[in-house]
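Novice: Take this sequence and fold it.
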Amino acid sequence: MIKMKWITLMAMLAAVPAMAGTGAHSLTVGEGFVNPLGFYDSTPIFSWKLPDGVKKQTAYRIEVQDDAVLWDSGWVESDQSVFVPYGGEPLRSRQRLEWRVKFRDEKGTDSGWSRDASFELGLLTSKDWNAQWIRPVVEAEPDAAFELIKAVYRSKQNSRRNQDVTELLQKEIRSNTLSFNVNNHTLGGDPAYGEAKELVVTYKVGRKKKKDTLNENMRGRFPSSTTTEEPVAYFKREFSVSEKVERARLYVTARGVFEIELNGKKVGNDHFSNGWTSYNNRLDTMTYDVTDTLQSGGNELNALLGTGWYAGNIGFRGQKWSYGILPELLLQLEITYTSGRTEMVLSDETWQGTFDGAIRSSSIYNGEEYDARKVPANWRAVAVNPDLGSARLVPKPFAPVRATEMLAVQEITEPEPGRFVFDLGQNMVGWAKVHIPVVKDQTTTLRFAEMLNQDGTMYTANYRDAKSTDYYTAAETGTIEWEPVFTFHGFRYVELSGLPKGAKPSADWVTGVVLHSDLPRIGTFESSHEKLNQLQRNITWGQRGNFLDIPTDCPQRDERLGWTGDAQAFAPTALFNYDCHAFWKSWLGSMRHDQFADGRIPHVIPDVLIQGDSPGWMDAATIIPWEVYVRTGDIELLAANFEMMERLVGWYRGQSVDGLSPNIKGFGDWLQPYSEKTKGDTPHALLGAAFYAKSVQILADSARVLNRTADAEKYDAEAGTVKSAFAKHYFDADGKLQNAPETQTAYLLAIEFDLIPSDLQGKAMEHLVRLIGEAENHLRTGFLGTPYLAGVLDRKGHAELAFDLLFKETYPSWFYPINQGATTMWERWNSYTLEDGFHPEGMNSFNHYAYGAIGQWLYERVAGLAPDPAHPGYKHFFIRPLIAPQLTYAGAELETAYGKASSGWKKENGKIIMEVEVPPNTTATIEFPDGRTPETVFSGNYRFELGL
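Specialist: Okay, here's the model as predicted:
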């Protein structure tokens, strides 16, 4: 219970909020959807905001209707205005609803009904689909019988370490084709533990003897001549409309990525749909309103289908075909006429398809090749697969990828004759749209880079095996405008070559098209320090570029995977910058699907590496659900992931010895600076015990929220056992680390996770401060320690040291990359230096958000806007700013589910001026930096004057 206090007029200047109408507004369903088409939930939840001037809601009433009222909640005495559950009968696929709400305020005044909001459900189950999977027919060599001669699974480093798998694979031959996954499980063992492996297959097709080599974790298909490397499929279907159309809905999904045209117009403004999920378990479907695009008489549907994440190059060492060999399309157009008659146009045997079109190949890693001379040809009836499969078909539950911004060229150079480099001024993710002169039959090449070499040429070594190159071959001489469809790049610089002789480039030749999951921007932070503001910009650009349907580690090299460790480190910051509630919820769904049977969480989600046992990575399964709950109040998300959390903790328990984790492996404190070992100096065993304790404590806390009292008590006890074992083994009576090297991260985790008794924490802090001093007040933390560094120092009385680290200019520090020209967060603190150039390692991303985890502290302490886990979703929150010596002002705004919350301060005329905004139906406790008694306030705007 929060004790309320009215702030006296002497203590503040209370602004009288301007009235914005008397009714509820900003009505949403689910996780913040506004009037969605193709909604996914038959039992939705409802949220709304109250107008300014209302302190508190005391009751609400909701009506939901289609042609008649389906559910009237009646008056419910409650202050809940977020995530109110629907209480009627479950809704149906395709159903179109309107809903409205009214409330009573703290005075009992009836607000009157809000304006109507709407939502329409998509196809909720596989039973709603009458369509069939289609793909173009692949021509194989006629009468070419397949004969397997020899198959060897071996180490890539030492071919003598091998096992003969010929007999095993003979059993898998079906219909003259061999198709399987290349991994230790399917191939009966591991011939070389810890080494990269490959499968070498010798076979005959007809009279021709061939040999193919596939790397570990690829999906194999022989003969390989039956597939194109990165094919793009073209489809077409003509149909007629003979009546007046009332409405038309197009439902589409794919095993791959698609783009649809209807009568020559692109359908929707999304890209890379249907996105990337655990494809074997769930496929997202898209819903489009095409009512106004249909025309009386003849119509034509066209579709493009790329391999995408489903069958393209994804992973390491050339891995591809992670889910299947060829992509497939599933499409269902439902037309309702004004007469009441309905008609469907389905993907089925009536369609025609071909791989012989202008897009010769398209790859997420390698780029797109477009030949404008090619008109789609060799059309044939498509291959049909009537089996919808076991994966659930569900409407996409979060925003798709869209183009959200266009970047103009800032500078053009010509470091080599005929090669023009266009600088967009910002490291970004997306593609280049070009408006350029071309010559018939000549190919223009577009290369991409995040950085330039010293001579001004393109630095692409950090792309590793990702070619990241687009090609355009002209059909005629003239000027063309072109952009790719199924690839994306991480880049700042675009190089054009193959241009007409004597061409003089201009800035309008290239435009950077910024692509990312189109999540609403809800948070901003700013200060008086330009480098701190640049740090915040770098963090948000890193988030934009790496939130492309899933949270990736990097957007440019041959990786771009959903690394769990990076994600959990950055999640709190991400939830401040963008509304990624639904985004995280969807990704956690893939995590539940891909969790190993023994409880481990894979390194990447969706899982294409089939590996996972790393502390701090696996714990994304507990940390992210908890962080989303704290910042949104979504209890159902905790409930949905509770079993996954339990299974992970069960795995930790099974491998532990007396509460410790002596045999655990993993990535360590990844990329800790000095000693420059990628896995850092903090022992894996210490990290294992620490994150075991962290996860089991989150599990106990989640059980409490879910009213699972017995579970909460059980897991509290288990957490206590692990913490006790940790403290006894790793810390002496003086709070100093023992049985392990002293590292900043080891001390940070012990304190942040409450792994040692409170009487030892002060002593441990002294040792942590000593270590930082020995590092000349620089951080020595990697991916696992950095997120907690500033917060621990702050809470334990060393805020000035935290600020010293934040504003440090020299390596390693947050400002150091900025001083080298960074416009995004980097993978390494020294990915590039003005003195020494590029880091020698190929693993050298210039767009990697993990170290952007400091953003949480900027919001919560520098600006002072912090959530309250006891009252999640900002129903109650804290205003607790730190006044930084290096700043004259700082502030943050956050659009919560209740409305805008803000906290800001500035130094003015020898005083500190604090300005605070508290949204309706919430309260905030203000903790003043001058130490005066905290105050808890209702909604409104407040201003305070404090002594400097």
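Novice: Give me the residue at the spatial middle of this protein.
Specialist: residue 551 (2.3 Å; Cα atoms, centre = their mean).
Novice: Spit out the contact partners of that one.
Specialist: Taking Cβ atoms under 8 Å, 6 or more residues apart in numbering as the criterion, residue 551 is in contact with 562, 566-567, 570, 574, 583, 587. Backbone N, C-alpha and C define where each C-beta goes, glycine included.
Novice: For the residues you listed, work out which two are farthest apart.
Specialist: 566 and 583 (14.7 Å; Cβ to Cβ).
Novice: more crowded one of the two?
Specialist: residue 566 (27 against 23; other Cβ atoms under 10 Å).
Novice: Isn't residue 204 up against residue 147?
Specialist: Yes. Using Cβ atoms under 8 Å, residue 204 makes contact with residue 147 at a distance of 4.4 Å.
Novice: okay, those two: which has more neighbours?
Specialist: Set side by side, residue 204 and residue 147 show more neighbours around residue 204, with 15 against 12, by other Cβ under 10 Å.
Novice: how about that one, secondary structure?
Specialist: strand (DSSP: H, G, I helix; E, B strand; the rest coil).
Novice: ok so residue 258 is a helix residue?
Specialist: No. Counting by three-state DSSP, one finds residue 258 to be strand, located in no helix.
Novice: which residues does it bridge with?
Specialist: Taking DSSP bridges as the rule, residue 258 bridges to residue 273, residue 305.
Novice: check contacts around it.
Specialist: Contacts of residue 258 (Cβ under 8 Å, 6+ apart): 252, 273-274, 303-306, 329.
Novice: again, only using 7 Å
Specialist: By Cβ atoms under 7 Å, 6 or more residues apart in numbering, the contact list for residue 258 reads 252, 273, 303-305, 329.
Novice: for residue 34, same thing?
Specialist: residue 28.
Novice: can we see that at 10 Å?
Specialist: Residues in contact with residue 34 (Cβ atoms under 10 Å, 6 or more residues apart in numbering) are 26-28, 117-119, 520.
Novice: Among the residues you listed, the buried ones, what's the ChimeraX command?
Specialist: Per 16 or more other Cβ atoms under 10 Å, the buried members of those correspond to this ChimeraX selection:
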select :26,27,28,117,119
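Novice: Which ones among the contacts of residue 34 lie within strands?
Specialist: Among these, the residues falling in strands (DSSP state E) are 26-28, 117-119.
Novice: which among those residues gets closest to residue 915?
Specialist: For these, the nearest to residue 915 is residue 26 (23.2 Å; Cβ to Cβ).
Novice: Now do the closest one, the pLDDT please.
Specialist: The score at residue 26 is 98. That number is its pLDDT.
Novice: and if you look at residue 158?
Specialist: So residue 158 comes in at 74 (pLDDT).
Novice: same thing with residue 497?
Specialist: 98.
Novice: Surely it is in contact with residue 415?
Specialist: No. Counting by Cβ atoms under 10 Å, residue 497 does not reach residue 415; the two are 11.2 Å apart.
Novice: shared neighbours of these two, which are they?
Specialist: residue 421.
Novice: between the contacts of residue 258, which has the most around it?
Specialist: Busiest of those [other Cβ under 10 Å] is residue 305, holding 28 neighbours.
Novice: Which stretches in the stretch 301-450 of the chain count as helices?
Specialist: 308-311 (DSSP state H, counting those that start in this stretch).
Novice: Dump the longest strand belonging to the chain to PDB, keeping only the CA atoms.
Specialist: Longest strand of the chain, by residue count under DSSP E: strand 419-438. What follows is strand 419-438, C-alpha atoms only, in PDB (Å, rounded to 0.1, in the frame of the first residue of the first chain):
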ATOM      1  CA  ARG A 419      34.300   3.400 -57.800                       C
ATOM      2  CA  PHE A 420      32.100   6.100 -56.100                       C
ATOM      3  CA  VAL A 421      31.600   5.900 -52.400                       C
ATOM      4  CA  PHE A 422      28.400   7.500 -51.000                       C
ATOM      5  CA  ASP A 423      28.500   8.300 -47.300                       C
ATOM      6  CA  LEU A 424      25.100   8.400 -45.600                       C
ATOM      7  CA  GLY A 425      26.600   9.800 -42.300                       C
ATOM      8  CA  GLN A 426      25.000   7.100 -40.200                       C
ATOM      9  CA  ASN A 427      25.500   3.400 -39.700                       C
ATOM     10  CA  MET A 428      22.100   2.000 -40.500                       C
ATOM     11  CA  VAL A 429      20.300  -1.200 -41.500                       C
ATOM     12  CA  GLY A 430      18.200  -1.600 -44.700                       C
ATOM     13  CA  TRP A 431      19.200  -1.200 -48.300                       C
ATOM     14  CA  ALA A 432      20.200   1.400 -50.800                       C
ATOM     15  CA  LYS A 433      17.600   2.800 -53.200                       C
ATOM     16  CA  VAL A 434      19.300   4.000 -56.400                       C
ATOM     17  CA  HIS A 435      18.300   6.500 -59.100                       C
ATOM     18  CA  ILE A 436      21.200   6.100 -61.500                       C
ATOM     19  CA  PRO A 437      22.200   6.200 -65.200                       C
ATOM     20  CA  VAL A 438      22.700   2.800 -66.800                       C
END
